[in-house]
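[1] Sequence and predicted structure, then a few things I'm wondering about:
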Amino acid sequence: MGNRRNPVVKLKVKEQQCGLDKKQRFYTRVNRASVIDDDVLIEYASNDSGIRIEQIAAVYRSLMTQVKQLVCNGHSVQLGDLGTLYFKVHAKIAEEEADAGGSAVKSKRIGFRASKVLRQLMEGVNFVVKSEE
């Protein structure tokens, strides 16, 4: 894991047959080594802050409940320096007002807009390529 000042993202490069011409090409992807679940995140926060795990867990779970309820009720929720979660829909364009509204909605999604702080942090990311095993 990279430190807070110089984030490091591991990449993997793979060769694959692509396109109509079936040529071998190389593509680059992020090497996602693991998923940090709630319990690990809570443990990290406890170690970082000195606050008991049980207290952080209770606050965290309450916040997650509130965020889900707020976003699903149409509110945008700003998550500090991470960014903003919001509810969005994709709807058919209607020629008549009567055909617009709820019946025109094709899909519902949750959007995320990264904050300026997070986008700036990403600009400083360094990359290393993980070799094939």
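    On my side now, so go ahead. Not measured: the values here are computed from a predicted model. Residues are numbered from 1 along each chain as shown.

[2] any idea how far the residue lying farthest from the centre of the chain lies from Ala104?
    What lies farthest from the middle of the chain is Glu96; by C-alpha atoms, centre = their mean that is 36.8 Å. Look at Glu96 and Ala104: by C-beta to C-beta, to the nearest Å, they are 10 Å apart. Placement of C-beta: from N, CA and C, glycine included.

[3] got it, and Gly50?
    From Gly50 to Ala104 the distance is 52 Å (C-beta to C-beta).

[4] same thing with Tyr60?
    Tyr60 is 37 Å from Ala104, where distance means C-beta to C-beta.

[5] which of these two has more neighbours?
    Just comparing Tyr60 and Ala104: by other C-beta atoms under 10 Å the higher neighbour count belongs to Tyr60, 16 against 13.

[6] give me phi/psi at that one?
    phi -60, psi -50 (degrees, to the nearest 10).

[7] Setting aside sequence neighbours, what's the nearest residue to it?
    Distances taken as C-beta to C-beta, 6 or more residues apart in numbering place Ile42 nearest to Tyr60, at 5.6 Å, with adjacent residues excluded.

[8] now this structure, which segments are flagged as low pLDDT?
    1-5, 131-133 (pLDDT under 70).

[9] show me the contacts for the residue most central in space within it.
    Closest to where the C-alpha atoms of the chain average out (C-alpha atoms, centre = their mean) is Phe112, at 7.2 Å. Contact analysis of Phe112 by C-beta atoms under 8 Å, 6 or more residues apart in numbering lists Gly83, Thr84, Leu85, Tyr86.

[10] try 7 Å
    Going by C-beta atoms under 7 Å, 6 or more residues apart in numbering, Phe112 touches Gly83, Leu85.

[11] just Leu79 next, same as before
    Leu85.

[12] Roughly how far does it sit from Val105?
    Between Leu79 and Val105 the computed distance is 25 Å (C-beta to C-beta).

[13] quick check, Met48 in a strand?
    To be clear, residue 48 is Asp; Met isn't right here. No: Asp48 is assigned helix when assessed by DSSP: H, G, I helix; E, B strand; the rest coil, not a strand.

[14] And it, how far from Arg109?
    Asp48 is 32 Å from Arg109, by C-beta to C-beta.
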